[in-house]
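In: fold the following for me, if possible:
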Amino acid sequence: MDDLINNSRNKVVGTKQTIKAIENGEVHKVFIARDAEEKVISPVVTLCEEKNIEPHYVESMQQLGKLCGIKVKAATAAIKE
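Out: As a prediction, the model looks like this:
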């Protein structure tokens, strides 16, 4: 999974961008940090349920940011189709 996010050229990082990509039907996989605040990830989880996308959970926001190749924490990320 680590290589999947890091090597993907067509990814979005952050809750707003992840939500937008899901709503536009562009998402292949969604990643959510387990330690992110519920109010932040809740809309993403709800959208995943509505669109029948199974979210993949990562242990921490720090780890997800690192997997995405950024130097800051990330609550959610997605790989676009």
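
In: from the contact counts, what lies against the longest strand along the chain?
Out: When the chain is parsed with DSSP state E, its longest strand is strand 27-33. With contacts taken as 3 or more C-beta pairs under 8 Å, 6 or more residues apart in numbering; DSSP states H and E, strand 27-33 sits against helix 15-23, helix 38-50, strand 55-58, helix 61-67, strand 76-80. Glycine gets a C-beta too; all of them are placed from N, C-alpha and C.

In: contacts for it, please.
Out: 4-5, 18, 21-22, 41, 44-45, 48, 51, 53, 55-61, 63-64, 67, 73-81 (C-beta atoms under 8 Å, 6 or more residues apart in numbering).

In: that one: which residues count as buried?
Out: For strand 27-33, burial by neighbour count (16 or more other C-beta atoms under 10 Å) applies to 27, 29-33.

In: list the strands paired with that strand, with their directions.
Out: strand 55-58 (parallel), strand 76-80 (antiparallel) (DSSP bridges).

In: distance to Gly14 and mean neighbour count added to those, as CSV?
Out: Output for the strands paired with strand 27-33, formatted as CSV (distance: least, C-beta to C-beta, whole Å; neighbours: other C-beta atoms under 10 Å):
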stretch, distance to Gly14, mean neighbour count
strand 55-58, 14, 18
strand 76-80, 7, 25
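
In: what's the weakest-modelled helix or strand in this structure?
Out: helix 2-7 (a mean of 69; mean pLDDT, DSSP states H and E).

In: quick check: next helix or strand after that helix?
Out: Per DSSP states H and E, the first helix or strand lying C-terminal to helix 2-7 is strand 11-13.

In: looking at the helices and strands packed on strand 27-33, which is closest to Arg9?
Out: The closest of the helices and strands packed on strand 27-33 to Arg9 is strand 76-80. By C-beta to C-beta, the value is 9.5 Å.

In: thanks again, I'm all set now.
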